[in-house]
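Engineer: My questions are about this predicted structure, shown below with the sequence.
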Amino acid sequence: MVCLKKLFAFGVMLSLSVTIGVAGASAEKVLKIGGMAPLTGPSAKTGQEIKQSAEMAFEEAGNMIGDYKVELVWIDSQSDPAKATNAYAEAVERKGIQVGLLNWHSSVAIAVMDLAAKYKIPHLFGIGGSSVINEKYRSDMDKYNGYWLKSWPVPQKTMTGYVEFLEDAIASGKFKPHSKKVVIFAEDTDWGRDIFAGAKKMFGDAGWEIVAEDFLAQNQTEFYPLLTKWKKLEPALVFGSYGMPVGITSLIKQSREVGLKVPMICDGLGWAGEWYSLAGSASDYTLDMIQKLATDKAKAWAANYEKKYGDKPSPSSGGLAYDSAKLFIKVAKRALEKTGKLDSESLRQVVLDELLTGKITYSEDEGAITVSRFSYNEQSLPDPAVGVDDWYLPIIQYKSGKGRIVYPKAWAEAEFHVIQ
């Protein structure tokens, strides 16, 4: 009887060990990715576009990277650094994210990058472009290297093209300003202050007289008094950047209503896909510097996005989020191939060894839809490398809701026209 009891107990233990072994062998491998965007608040529309575009990229991969299931955990920054840091900490501590991806506002990036370093969570391809991020990153490379990486370079690296374009238009006789007076405005954020400083230097060096300098509140939509002031100054040009879709389109419409008919450069007007539905024909002849969905692959993606979500996507929010997710997938596949696992440590190692050294890039030939190539090097960090063959923004002019490249000349799709 004792022997039978022992035999029975052994059988039960064997059965349990087999069951546990099978369960362990079949346990699902999961990579938790913390996608960050302003899903509510003043930039909610842009945030939703970022979210949906990134999700499209992962859906195309079957929400799998190798034998790991991708679980996207969305972090709502609410366009507020304090709220974003609380949400980020919760995503790490309670939801267990292993890597971060994307973000929109520079001010949020500046706050959250400390948490990424603290929790040792690589956060890749943030769209916030302020030079303050770069200064903070380079102030302590040991702390931030591999834990924060941008997909949008500082504006000073790209915006000089505006003055080059204007001077070329003046020399060719296409633009005959009555003076070289310019009004400069920007949103009152880290990004806006960066743009503002860059614009002052850019126009000052080119001999323009800055007759007004104004910062705009994030939720501002009433501009009549400001525009009336600008009109009295008789500028030949208005230049600014304001990333809130309702705000920038309100400013454009109200500028036409008060009769301020001078060329307007609204850097970032096209960041939100719905800009034309908000601005209408008042946006005709406005200038911008923005990615353009020009290739067959880019146009096909944009058509798929519109079919799926009912809106036209912006190349700078939706398109860049899609490309960033695609590049992340490439990095993750390499990490899995190299280390046999996907986690914070393996991803950061491949970022340091191969992405930041230029061994891993992502180009138009592979499916990039917003720039010629994403690449990084020691000199560019934490930005992508900038150049015609890498990350480069053409100048476009809007008419009837469509943007056409007017500069550089080699890329031009249309002639520059001055508003009458």
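Structural biologist: Received it, and whenever you're ready, just let me know what you need.

Engineer: tell me the mean pLDDT over stretch 233-246?
Structural biologist: If you average the pLDDT over stretch 233-246, you get 94.

Engineer: Hmm, I typed the wrong one, I wanted stretch 131-139.
Structural biologist: The average pLDDT for stretch 131-139 rounds to 96.

Engineer: And the contacts of it?
Structural biologist: In this structure, residues lying in contact with stretch 131-139 by CB atoms under 8 Å, 6 or more residues apart in numbering are 106, 109-110, 113, 126, 144-145, 148, 150, 154-156, 190, 194, 381-383. C-beta: built from backbone N, CA, C; applies to glycine.

Engineer: Keep only those of those residues that are in strands.
Structural biologist: Among the contacts of stretch 131-139, the residues falling in strands (DSSP state E) are 126, 148, 150.

Engineer: Could you dump those residues into a markdown table and include pLDDT, neighbour count and distance to I395?
Structural biologist: Listed next are the ones in strands among the contacts of stretch 131-139 as a markdown table, based on pLDDT from 0 to 100; neighbours: other CB atoms under 10 Å; distance: CB to CB, whole Å:
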| residue | pLDDT | neighbour count | distance to I395 |
| --- | --- | --- | --- |
| G126 | 97 | 27 | 25 |
| W148 | 98 | 27 | 29 |
| K150 | 98 | 26 | 22 |
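
Engineer: Could you single out the nearest of these to F175?
Structural biologist: Distance to F175, by CB to CB, is smallest for K150 among the ones in strands among the contacts of stretch 131-139, at 33.0 Å.

Engineer: need the contact list for the closest one.
Structural biologist: Contacts of K150 by CB under 8 Å, 6+ apart are 109, 125-129, 133-134, 382-384.

Engineer: Which residue lies nearest the spatial centre of the chain?
Structural biologist: For the chain, the residue sitting closest to the mean C-alpha position, by CA atoms, centre = their mean, is I127 at 2.9 Å.

Engineer: which non-adjacent residue is nearest that residue?
Structural biologist: Spatial nearest neighbour of I127, chain neighbours left out: W152 (4.9 Å); criterion: CB to CB, 6 or more residues apart in numbering.

Engineer: before we move on, what about T158?
Structural biologist: Nearest one to T158, counting by CB to CB, 6+ apart, is L393 at 5.2 Å.

Engineer: burial of that neighbour, as a residue count?
Structural biologist: If you count neighbours by other CB atoms under 10 Å, L393 ends up with 23.

Engineer: For it, which three-state class applies?
Structural biologist: coil (DSSP: H, G, I helix; E, B strand; the rest coil).

Engineer: Mind pulling up the pLDDT for it?
Structural biologist: L393 carries a pLDDT value of 91.

Engineer: ok, now which ones touch it?
Structural biologist: L393 sits in contact with 158, 161, 289-291, where contact means CB under 8 Å, 6+ apart.

Engineer: and what of Q420?
Structural biologist: Contacts of Q420 by CB under 8 Å, 6+ apart are K261.

Engineer: hey, where'd the strands end up in the stretch 101-250 of the chain?
Structural biologist: 123-126, 148-150, 181-187, 209-216, 237-241 (DSSP state E, counting those that start in this stretch).

Engineer: Out of these, flag the one nearest E93.
Structural biologist: Of all the strands of the stretch 101-250 of the chain, strand 123-126 comes closest under CB to CB, at 15.5 Å.

Engineer: Walk me through the domains of this protein.
Structural biologist: If you go by automatic domain parsing, the domain ranges for the chain are 29-153+296-374, 157-292+394-411.

Engineer: ok, now which ones touch the residue nearest to the centre of the chain?
Structural biologist: By CB under 8 Å, 6+ apart, the neighbours of I127 are 50, 102-104, 150-152, 316-317, 320-321, 324.

Engineer: Where does confidence bottom out across those?
Structural biologist: For the contacts of I127, the weakest pLDDT value sits at S316, with 90.

Engineer: Please verify my assumption that that residue contacts M289.
Structural biologist: No - contact between S316 and M289 fails when scored by CB atoms under 8 Å: they sit 9.8 Å apart.

Engineer: that older thread, and the contacts of L393, which of them are in helices?
Structural biologist: Assigned to helices by DSSP state H, the following of the contacts of L393 qualify: G161.

Engineer: Redo the contacts of L393 as TSV? Include neighbour count and pLDDT.
Structural biologist: Listed next are those as TSV, based on neighbours: other CB atoms under 10 Å; pLDDT from 0 to 100:
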residue	neighbour count	pLDDT
T158	18	84
G161	16	89
M289	24	93
I290	22	88
Q291	23	86
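
Engineer: Which of the contacts of L393 sits closest to Y88?
Structural biologist: Q291 (27.0 Å).

Engineer: rewinding a little: from the contacts of K150, pick the one nearest A27.
Structural biologist: F125 (29.7 Å).

Engineer: Next one: that closest one relative to A54, how far apart?
Structural biologist: From F125 across to A54, the span is 10 Å (CB to CB, to the nearest Å).

Engineer: Now do the shared contacts for those two.
Structural biologist: Contacts common to F125 and A54, judged by CB under 8 Å, 6+ apart, are 101-102, 324.

Engineer: Where neighbours are concerned, which of those residues has the most?
Structural biologist: Highest count within those by other CB under 10 Å belongs to L102, 30 neighbours.

Engineer: Now do the same contact list for that one.
Structural biologist: 35-37, 50, 54, 125-127, 151, 321, 324-325.

Engineer: quick check, nearest of those residues to P245?
Structural biologist: I50 (13.3 Å).

Engineer: Is that closest one within a helix or a strand, and which one?
Structural biologist: Assigned by DSSP states H and E, I50 falls within helix 44-60.

Engineer: So which bits of that helix are buried?
Structural biologist: 44-58 (16 or more other CB atoms under 10 Å).

Engineer: Ramachandran angles for Q397?
Structural biologist: Taking degrees, to the nearest 10, you get phi -120, psi 130 for the backbone angles of Q397.

Engineer: mind checking how far the residue nearest to the centre of the chain is from H105?
Structural biologist: 9 Å.

Engineer: Got phi/psi on the closest residue to T228 other than its chain neighbours?
Structural biologist: The shortest distance from T228 to any non-neighbouring residue, by CB to CB, 6+ apart, is to V258 (5.7 Å). Torsion angles at V258 (phi, psi; degrees, to the nearest 10) stand at phi -90, psi 0.

Engineer: is it true that V258 touches Y224?
Structural biologist: Yes - assessed by CB under 8 Å, V258 is found in contact with Y224 at 6.5 Å.
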